[in-house]
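Peer 1: structure, please.
(2 chains)
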Amino acid sequence: MIGRMKTGRNAFLPVLAAVAILSGAVLFGARQEPAAARGPAPSLVHAGSAPKAPDAAGFLQRWLILEPIRVAPQLTDTAVQAVVKKEYFPNQFTVMPHDGDRVSVGDESLTWHAVDTIAYNVNLFHFAYALNKPTSNVLFWAVTSVESPRDIPNVRLAIGSNAASIWWLNGQEVIGIYNDRQTVIDDGVSKRLTLKKGPNVIRAAIVNAGGATDFCARFLDGDDNPVKGIVVKLDANGRGAQAQENR
Amino acid sequence: MSKFRLSVAITAWLALLTGAFALDGAPGMHDPSTVIQADGKFYVYATGNGLPAFVSDDGWTWRRAGSVMQAVAGGRPGPDVIARGGNNSWAPDIIRSGDRYFLYYAAPGSQPKAAIGLLIGKTLDPTSPDYKWEDGGPIVWSDGVEDSNAIDPGVLRDPTNGSLWLTYGSYFGYIRLVELDPKTGKRLHPERKPVNIAINSEASVMIFHEGWYYLLVTHGSCCAGGNSSYNIRMGRSKKVTGPFLDNMGIDMIQGGGKLFAGSSGRHIGVGHFGLLDLGDGVQKFSCHYESDLDRGGVSVLDIRPLLWRDGWPVAGDNFVAGTYEIQSARTGTALEMAVQGVPVGGGRGRGGRGGPGAPGGRGEPGSAPPPPPATPIAAQDVAQVSANWPSGSVDVRMAPYMVQAQQKWTITPVSDAGGYPGSPFFKITIAGTERALAATPESELVVLPAFSGAPEQLWRIDQLTDGTYRLMPKGVPNSTEPLALSAVGSSSPTLAKFRADSDRQRWLIVTP
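Peer 2: Presented below is the predicted three-dimensional model:
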């Protein structure tokens, strides 16, 4: 329920959300106490509780996203690496947050939100704007957990982002794309990886300088087709199952 | 105009054909047959005493493999062939039919009295105990008076129904067509009159492509070195029996013919087209040049890419060394070494619409435009920008092409490393450096600090029929199957099995 500064765990109104979803409305902003005159995020809803399969094209549509961190608007390889690798909050490369968890970054208290996107991509502009948060010169952290029924070798994580982004799978940095860019499906693609049986944690850091910002992600098999049979699984509190991460 | 070939003269110039060639080894020959693949090798046969045979392990380096007639009883054309034509052996063509090979050759006497003879063999390998050629007799002939000179056979298997067709003829009279029996190699209907399909040409052969039959012939004069005007012409028909019209609608039987290949560069007089279909959308053609100026003007075999454009075959050129952008046909992004790029000329604002702005910015509307640059901006100095590059191995990625040093690749042939039909292997290095593109044991890509000549650093570059290129390492550690440079995403190259139905493995190699 973006737009509401929470004091603890997420306090979405599940009934209201369900009604809105069932009615076809795009609800991610039914506010109790709006901090500003901002409408709901038109492409995001609060994450459901049941495991969520990727869409038909394989895109992962459920994520935990941290409210944006203000950063310098530099998008070169070295600048993005430096911005992303700086430690902003404890365990930022390993934490599997809950929906509504808060972290302190400098003088700000930022909240994790569990969201489902109704599109192939996750619109971070919608996310931040609805929260009355900055959309330019910002760093977004996004995390999700993909449950695989078995070891699946020779898959690739394939992402697009606006703008630069760095991605990890189970703690291993697997993608870095830089400079000002738009989200293009399969823009950045990892080398061949193995999805392990059980939970696999995907972590992304997206840096935006200005304007629109979003990302998309899916797994491709050896023939560049979407990987089937996996689901995004967050627990009842919006926490992804903790996978073994190397960092 | 009639060919005038003296076997003595041919033998003399064949003996001179030594030294360095575009095709490596010993590709000196005249009137080559279709290049045929058998048991992992390439074979071609040519005009000369006993029909010289040539073999290559890779299509690049060629060597003599004796003469066909050495494996024929009596060592010369059969008596009926000699009776219908003469005791010469010129301009063969070859095709596999069932478990046998049919080799057709011209046996002219005093032209235009000539015959097309047939030889039948089970193997092309001269070292095989089964290697021998049996006389199949004369197939067609010309009596010296009729409007035909029965030389220069060309064979087509019609892929639509498996039928077999023979074209033949020269400048005396018509190019003619007869149907063959795929089981025997002989005429299927000897009682029928041959069909006249073209005139003013020789070295005819047909190919089939997407519903059209193409008749390729050679126009002009041969056998005069640098004074030979040989050039390959073509027409097409929806029926195997014609009429074959050129691009202007002129029937080849009235002298029509769209140019396919003529003299160019250091090669004078192009003739004797032959299709070499390597599969997966890779087609090549063989031909000979009457005069290769880089080899003292002798006649040599060449193998070149065959392209298709607007329904017509186009003669491509083998890849030429140089410095290029390697651009993905799938994404339009360029292959680059994964280092931070430096803008050519430094970061600048947009200018024009506003002030100078901060470097890299767009400028602020309303401020004064910057003055135009007084001098051109020099090309990026790789020695300068590479100072910040890692010294070891570097990843490979794709990015919008911005004329930067890490995006320019120098592609250079590597000697004594073997090759493939038409070309040697190449090394691909960042221009101005020794940093070499290589395959990894994980079937991914890396730029190594230096070129070592290892198979994973040698690249095969085939131009595909649509004009794009396929790039394949000679070898990939831990992989036994051939893999091609592949754009798995806009920014991510890898190595993957080639798929002709996709743009993933198609690349444009363009001058930067």
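Peer 1: list the contacts of residue B:184.
Peer 2: residue B:136 (Cβ atoms under 8 Å, 6 or more residues apart in numbering or on different chains). (Glycine included, C-beta is placed from N, CA and C.)
Peer 1: was I right to think residue B:305 contacts residue B:313?
Peer 2: No - judged on Cβ atoms under 8 Å, residue B:305 makes no contact with residue B:313 at a distance of 10.5 Å.
Peer 1: mutual contacts of those two, please.
Peer 2: residue B:285.
Peer 1: residue of the stretch 301-450 of chain B nearest chain A, please.
Peer 2: Of all residues in the stretch 301-450 of chain B, residue B:340 sits closest to chain A, at 4.1 Å by Cβ to the nearest Cβ.
Peer 1: nearest spatial neighbour of that residue, skipping sequence neighbours?
Peer 2: Excluding its sequence neighbours, the residue lying closest to residue B:340 (Cβ to Cβ, 6 or more residues apart in numbering or on different chains) is residue A:77, at 4.1 Å.
Peer 1: read off the pLDDT value for the one you found.
Peer 2: Confidence at residue A:77, expressed as pLDDT, is 95.
Peer 1: now swap in residue A:24 and tell me
Peer 2: 34.
Peer 1: tell me the pLDDT of residue B:51.
Peer 2: So residue B:51 comes in at 97 (pLDDT).
Peer 1: burial count for the nearest residue to residue B:406 once chain neighbours are set aside?
Peer 2: Distances taken as Cβ to Cβ, 6+ apart put residue B:337 closest to residue B:406, at 4.3 Å, once the chain neighbours are dropped. Here the count is done by other Cβ atoms under 10 Å in any protein chain shown, and residue B:337 has 25 residues near it.
Peer 1: my read is that the residue of the stretch 301-450 of chain B closest to chain A contacts residue A:75, right?
Peer 2: No - Residue B:340 lies out of contact with residue A:75 (Cβ under 8 Å); the separation is 10.7 Å.
Peer 1: between those two, which contacts overlap?
Peer 2: Shared contacts of residue B:340 and residue A:75, counting by Cβ under 8 Å, 6+ apart, come down to residue A:178.
Peer 1: residue 165 pairs with what?
Peer 2: No chain in the question, so chain A it is. residue A:177, residue A:206 (DSSP bridges).
Peer 1: should've been chain B
Peer 2: On the basis of DSSP bridges, residue B:165 is bridged to residue B:156, residue B:179.
Peer 1: and it, what does it touch?
Peer 2: The neighbours of residue B:165, taking Cβ under 8 Å, 6+ apart as the test, are B:155, B:156, B:157, B:158, B:177, B:178, B:179, B:180, B:206, B:240.
Peer 1: for those residues, give me a markdown table that also has distance to residue B:141 and pLDDT.
Peer 2: Converted to a markdown table, the contacts of residue B:165 look like this (distance: Cβ to Cβ, whole Å; pLDDT from 0 to 100):
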| residue | distance to residue B:141 | pLDDT |
| --- | --- | --- |
| B:155 | 17 | 98 |
| B:156 | 20 | 98 |
| B:157 | 23 | 98 |
| B:158 | 24 | 98 |
| B:177 | 15 | 98 |
| B:178 | 11 | 98 |
| B:179 | 16 | 98 |
| B:180 | 15 | 98 |
| B:206 | 20 | 98 |
| B:240 | 22 | 98 |
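Peer 1: count the neighbours of residue 153 for me.
Peer 2: Using chain A. Residue A:153 has 12 nearby residues by other Cβ under 10 Å.
Peer 1: meant chain B, my bad for not saying
Peer 2: By the criterion of other Cβ under 10 Å, residue B:153 has 28 neighbours.
Peer 1: show me what from chain A comes close to chain B.
Peer 2: A:76-78, A:156, A:158, A:160, A:177-179, A:184, A:186-192, A:220, A:224 (Cβ under 8 Å from any Cβ of the partner chain).
Peer 1: in helices, which of these appear?
Peer 2: A:77, A:78 (DSSP state H).
Peer 1: thinking again about what came up before, my guess is the residue nearest to residue B:340 meets residue A:166, correct?
Peer 2: No - in terms of Cβ under 8 Å, residue A:77 does not count as a neighbour of residue A:166; the distance is 10.2 Å.
Peer 1: now for the residue of the stretch 301-450 of chain B closest to chain A: which residues touch it?
Peer 2: With contact taken as Cβ under 8 Å, 6+ apart, residue B:340 is in contact with A:76, A:77, A:78, A:178, B:388.
Peer 1: end to end on stretch B:43-62, go ahead and measure it.
Peer 2: Stretch B:43-62 has an end-to-end distance of 9 Å (criterion: Cα to Cα, to the nearest Å).
Peer 1: tell me which element residue B:107 falls in.
Peer 2: Using DSSP states H and E, residue B:107 sits in strand B:100-108.
Peer 1: equivalent analysis for residue B:385, please.
Peer 2: Using DSSP H and E, the element containing residue B:385 is helix B:382-385.
Peer 1: what's next to that helix, contact-wise?
Peer 2: Taking Cβ under 8 Å, 6+ apart as the rule, helix B:382-385 contacts B:342, B:404, B:405, B:406, B:408, B:430, B:431, B:432, B:433.
Peer 1: out of those, grab the one that's most surrounded.
Peer 2: Busiest of the contacts of helix B:382-385 [other Cβ under 10 Å] is residue B:406, holding 29 neighbours.
Peer 1: how about the residues of chain B by chain A?
Peer 2: So chain B meets chain A at B:339-340, B:399, B:442-444, B:488-492, B:494, B:504 (Cβ under 8 Å from any Cβ).
Peer 1: kindly recompute the last result at 10 Å.
Peer 2: For chain B, the residues found near chain A under the criterion Cβ under 10 Å from any Cβ of the partner chain are B:330-331, B:333, B:338-342, B:360-361, B:388, B:395, B:397-400, B:402, B:440, B:442-445, B:486-494, B:496-497, B:499, B:502, B:504.
Peer 1: out of the residues you listed, which end up buried?
Peer 2: The neighbour-count test (16 or more other Cβ atoms under 10 Å in any protein chain shown) marks B:330-331, B:333, B:338-342, B:395, B:397-399, B:440, B:443-445, B:486-494, B:496-497, B:499, B:504 as buried among those.
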